[in-house]
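**Q** Everything below, folded, please.
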Amino acid sequence: MTEHIQNTGGTDYDVLIVGAGPTGLTAAIELLRRGVGVRIIDLTTVPLDVPKALALWPRALDILEDMGAGPAIREASVQINALSYFSERRHLATFDFQEDLAPRHLPQPETERVLTDRLHALGGKVERGVRLLDIEKVDHSGDVNATDGVTAVLEHGDGLIERTRVPFLIGADGAGSKVRGELGSAFTGSTYEMEFALVDARIEGTLPTDQVLYFQNPNGTLVIVPQPDGVYRFLSVMPPGGERVNVKMMQQVIYDRGPRGIKITEPVWETVFRVHARHASDFQRGRIFLMGDAAHVHSPAGGQGMNSGLQDAHNLAWKLAAVIHGASPVSLLDTYGPERSDATQRIVRDTDFQTRAWMFNGRVQVRARDAAFRVLDRTGLVSHFYAPVMAGRRLAYDIVRATQRPSRKAGCGLHEKLPGGLKVGAVFPRRLALAHRISGPAADPQGWTLAVLPPSSGGSDWSAEIGHILDRWPQVRVERLRRRNSLRATGCWRPGYYLVRPDGHIAAHGHDRDLNRLEAELTAALIPTGAH
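**A** Numbers count the residues shown, from 1 in each chain. Predicted coordinates for the structure are as follows:
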């Protein structure tokens, strides 16, 4: 058969997304919300039908809420209110979640369905059965300005070979990423020696619908995870000598170490898998970007995988839109890789620690672990300190310029160092952000906000000076904070400002005498009006 090649230069889209899982769909939605033309392709001919990822933590839920998918996610999912741990069936600890830190569980196909519906509502669609064959002449310099675009060669299901030129390309095509392979980016890390067995099933007996249960004994850990519609996930290290997972094998694991009186009646999904902890050496090469499992994979402990991918997409989309629309310098794109690479490496470390704790079998290790859980249960340290980390409420991107911070830290320096203290690079407090339309479904998806607390004396002159500065950047909206609300949420009592990016992260914080620093930060992030 003669190969037919179709050239599609001069396309009407700015970004080609390879991969239509949750990460790729989120990237497409976030770009469409910001007026960027998107094309999204996927090798599979039908959507995913196995429940893979489940957990959606609060920071990811914020993102879904802001893009308009929140109500559908809440309706379809179940909320998890606690984690409970047992050793030899004896209760060790229960760690409760506050309402704003509680995750929700929803099988991945349902998450993808909700995202696909949102994509369609914005005028987008997924082209299925389309394979990326090649990226021609990849520029390895890392300089976005080195080329004017990316040439991708695609194969359609009917045999058509298409060569298309596009300004930017995103690889969201999973752990076996073709895009990552074309970039030649290393995928370094490790693979755990043991295999894990997973069975999703309906049951006979009673289990809590709002708690994840961890049953630990010297033979390993059994994790029981509730899902919607009365389905539970049973996850365990594969027993010695086991070759394949089945109901009989998992039922024996439940008898050996799990809760009594539970019988699997209707299996939904069975699989065996190995756990990897790997990280791409580059999240970006010039005009090509990696996100989600194409950029990082790690243990399912803590249920962070899908959440990391959604945050990758959220981080990159507003930056691409700003550059494409000419609102920000191209250098803004260089912040994507460092920010998301650092964040995901922290997650990989955390989940690696949790996974290894599952595998403790030495008598001394088990006793130490059990004693630690009892102490944590009595003190409430997990709920107070670690739950916000799992929820994504304590993620803070590193600062890169001195002007992102106040010239004098008096008034907030100590608070910033405390666990949970608000830092530059962190997400602006959600409740305050919603109250001032800095974030939320009603917020401008591409808008910058300057949240200000004017000085008690001379406040009008100070506000006027800010107005003169923002004459050059009219896209920045000013929101005046109330002193009491601001102090409670931020911990800073000094008059000043918070410059908040379109993704809700704090780009800079300063006090009343730091307006020169504010001007420097605006110059770094945004192109002044009339400067094109």
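**Q** Any idea what Phe215 is bridged to?
**A** Note on Phe215: beta-bridge partners by DSSP bridges are Phe86, Leu222.
**Q** any idea how far Met306 is from it?
**A** 25 Å (CB to CB, to the nearest Å). Every C-beta, even on glycine, is put in place using the N, C-alpha and C of the backbone.
**Q** those strands in the stretch 51-200 of the chain, which residues are they?
**A** 55-56, 78-79, 82-87, 90-96, 104-105, 126-128, 131-136, 150-155, 161-166, 168-171, 187-204 (DSSP state E, counting those that start in this stretch).
**Q** what's the distance between Thr523 and Leu43?
**A** Thr523 is 43 Å from Leu43, by CB to CB.
**Q** the helices in the stretch 351-500 of the chain, which residues?
**A** For the stretch 351-500 of the chain, applying DSSP state H, counting those that start in this stretch gives helices covering 363-379, 381, 387-391, 413-417, 430-435, 459-470, 483-490.
**Q** Nearest to Glu270 among those helices would be which one?
**A** When the helices of the stretch 351-500 of the chain are compared by CB to CB, helix 387-391 sits nearest Glu270, at 27.5 Å.
**Q** Remind me what the closest one packs against, helices and strands.
**A** Using 3 or more CB pairs under 8 Å, 6 or more residues apart in numbering; DSSP states H and E, no helix or strand is in contact with helix 387-391.
**Q** where does that helix sit relative to the chain's centre, distance-wise?
**A** 13 Å (CA atoms, centre = their mean, to the nearest Å).
**Q** just to revisit the earlier point, hey, which of the helices of the stretch 351-500 of the chain is tucked in deepest?
**A** Burial of those is given as mean neighbour count (mean count of other CB atoms under 10 Å); helix 387-391 ranks first at a mean of 22.
**Q** Residues contacting it, please?
**A** By CB atoms under 8 Å, 6 or more residues apart in numbering, the list of residues contacting helix 387-391 from outside reads 57-59, 95, 97-98, 100-103, 302, 304, 350, 394, 420.
**Q** Next one: Thr147 from Glu182, what distance?
**A** Applying CB to CB, the value for Thr147 to Glu182 is 15 Å.
**Q** Settle it for me: which of these two has more neighbours?
**A** Taking neighbours as other CB atoms under 10 Å, Thr147 and Glu182 compare with Glu182 leading, 21 against 15.
**Q** Could I get the helices of the stretch 351-500 of the chain in TSV, plus columns for mean pLDDT and distance to Pro338?
**A** Converted to TSV, those look like this (pLDDT from 0 to 100; distance: least, CB to CB, whole Å):
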stretch	mean pLDDT	distance to Pro338
helix 363-379	83	33
helix 381	86	31
helix 387-391	89	20
helix 413-417	66	21
helix 430-435	94	24
helix 459-470	93	28
helix 483-490	82	25
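**Q** wait, which of these is closest to Asn516?
**A** For the helices of the stretch 351-500 of the chain, the distance to Asn516 is smallest for helix 459-470, at 9.4 Å, taking CB to CB.
**Q** Pull the number of nearby residues for the residue lying closest to Leu434 once chain neighbours are set aside.
**A** Nearest residue to Leu434 in three dimensions, chain neighbours excluded: Gly440, at 4.7 Å (CB to CB, 6 or more residues apart in numbering). By other CB under 10 Å, 16 other residues sit near Gly440.
**Q** What separation is there between Gly440 and Pro208?
**A** To Pro208, Gly440 is 32 Å away according to CB to CB.
**Q** So, low pLDDT: which residues of the chain?
**A** Scanning the chain for pLDDT under 70 picks out 1-6, 8-10, 241-243, 351-362, 411, 413-415, 417-420, 530-532.
**Q** Can you get me a residue count around Thr151?
**A** Residues lying near Thr151 (other CB under 10 Å) number 17.
**Q** no, scratch that, I was asking about Leu499
**A** Quick note: Leu499 (other CB under 10 Å) scores 23 neighbours.
**Q** Sort out which residues of stretch 133-149 are buried, please.
**A** Of all the residues in stretch 133-149, those buried under the rule 16 or more other CB atoms under 10 Å are 135, 138, 144, 149.
**Q** Including distance to Val375, could these go into TSV?
**A** Formatted as TSV, the buried residues of stretch 133-149 follow (distance: CB to CB, whole Å):
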residue	distance to Val375
Ile135	53
Val138	52
Val144	51
Gly149	57
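**Q** Show me the two of the residues you listed that sit farthest apart.
**A** Most distant of the buried residues of stretch 133-149, by CB to CB, are Ile135 and Val144, 15.4 Å apart.
**Q** Report the separation between the residue nearest to Leu434 and Glu65.
**A** 7 Å.
**Q** swap in Ser457?
**A** Ser457 sits 39 Å away from Glu65, going by CB to CB.
**Q** of those two, who's got more company?
**A** A side-by-side neighbour count of Ser457 and Glu65, using other CB under 10 Å, places Glu65 first with 19 against 9.
**Q** Find the nearest non-adjacent residue to that one, please.
**A** The spatially closest residue to Glu65, leaving aside those adjacent along the chain, is Pro441, at 6.5 Å (CB to CB, 6+ apart).
**Q** Assign a three-state SS to the residue nearest to Gly37 when sequence neighbours are not counted, would you?
**A** Setting aside the residues directly before and after it, Gly37 is nearest to Tyr13 in space (CB to CB, 6+ apart), at 3.7 Å. Put simply, Tyr13 is coil when judged by DSSP: H, G, I helix; E, B strand; the rest coil.
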